[in-house]
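**Student:** Return atomic coordinates for the entry below.
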Amino acid sequence: MLKHRPVARNLRLDSAIPNEVQRAARGPPAAPRGEAYRTVKSGDPQFLADLSTRVVAAPDQVSTRLDDEIVILSLRSGGYFSLEKVGARIWELIGEPRLIAELRDAIVEQYGAAPEVVTDDVLELCQHLAELGLVDFVE
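**Tutor:** Numbers count the residues shown, from 1 in each chain. Have a look, this model is predicted:
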């Protein structure tokens, strides 16, 4: 199990296995959300996301784009994380609450990937981001 540590971690959609990276996030914090969302099943390790789950970036993180990746600082754990390519695109989409099905559909349309493969990868990434406290599942 991945523990929160103040070191860089890299989350990739195609593997969802964290790997160390060398860069830290710099730049302005993300704009605050205009309204509060009620988190559901927060911290419940038994909760598993599905296509009808709504996901949004957690409020206690700061993220910025560096070249073709998104770097995220968890203000809760102090850990740095990176998302590349498809993962970065998903991160951009979850600035506002979205159904995981909407994320899957956007990736299928943009990259022309097989929906069944994308479904598994998007679900796995969202679940992993939630376990790290970087996203919330909301109503």
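
**Student:** contacting residues around residue 72?
**Tutor:** 25, 61-63, 80-83, 91, 134 (Cβ atoms under 8 Å, 6 or more residues apart in numbering). All C-beta atoms are positioned from the backbone trio N, CA, C, and that covers glycine.

**Student:** Where does residue 81 sit, in terms of helix or strand?
**Tutor:** According to DSSP states H and E, residue 81 maps onto strand 80-84.

**Student:** Tell me which strands that strand pairs with, and in which orientation.
**Tutor:** strand 8-11 (parallel), strand 69-74 (antiparallel) (DSSP bridges).

**Student:** mean pLDDT lowest for which of the ones you listed?
**Tutor:** Among the strands paired with strand 80-84, strand 8-11 carries the lowest mean pLDDT, a mean of 40.

**Student:** and whatever helix or strand residue 106 lives in, what other elements does it pack with?
**Tutor:** For residue 106, the host element (DSSP H and E) is helix 100-111. If you count contacts as 3 or more Cβ pairs under 8 Å, 6 or more residues apart in numbering; DSSP states H and E, helix 100-111 packs onto strand 54-57, helix 86-93, helix 115-131.

**Student:** Any chance of a markdown table for those, columns distance to residue 105?
**Tutor:** Formatted as a markdown table, the helices and strands packed on helix 100-111 follow (distance: least, Cβ to Cβ, whole Å):
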| stretch | distance to residue 105 |
| --- | --- |
| strand 54-57 | 14 |
| helix 86-93 | 10 |
| helix 115-131 | 8 |
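
**Student:** Where in the protein is the helix or strand with the lowest mean pLDDT?
**Tutor:** Scoring the helices and strands of the chain by mean pLDDT, DSSP states H and E places strand 8-11 at the bottom, with a mean of 40.

**Student:** if we can go back for a sec, just want the angle from the helix holding residue 106 to helix 86-93.
**Tutor:** 120 degrees (axes from the mean of the first three to the mean of the last three Cα atoms, to 10 degrees).

**Student:** Could you list the alpha-carbon positions for helix 100-111 in PDB?
**Tutor:** The C-alpha coordinates for helix 100-111 follow below in PDB (Å, rounded to 0.1, in the frame of the first residue of the first chain):
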ATOM      1  CA  ILE A 100     -16.700   8.900 -14.100                       C
ATOM      2  CA  ALA A 101     -18.700   7.800 -17.200                       C
ATOM      3  CA  GLU A 102     -18.200  11.400 -18.500                       C
ATOM      4  CA  LEU A 103     -14.500  11.100 -18.000                       C
ATOM      5  CA  ARG A 104     -14.400   7.800 -19.800                       C
ATOM      6  CA  ASP A 105     -16.400   9.100 -22.700                       C
ATOM      7  CA  ALA A 106     -14.100  12.200 -23.100                       C
ATOM      8  CA  ILE A 107     -11.000  10.000 -23.200                       C
ATOM      9  CA  VAL A 108     -12.500   7.500 -25.600                       C
ATOM     10  CA  GLU A 109     -13.500  10.400 -27.900                       C
ATOM     11  CA  GLN A 110     -10.200  12.300 -27.600                       C
ATOM     12  CA  TYR A 111      -7.800   9.300 -27.900                       C
END
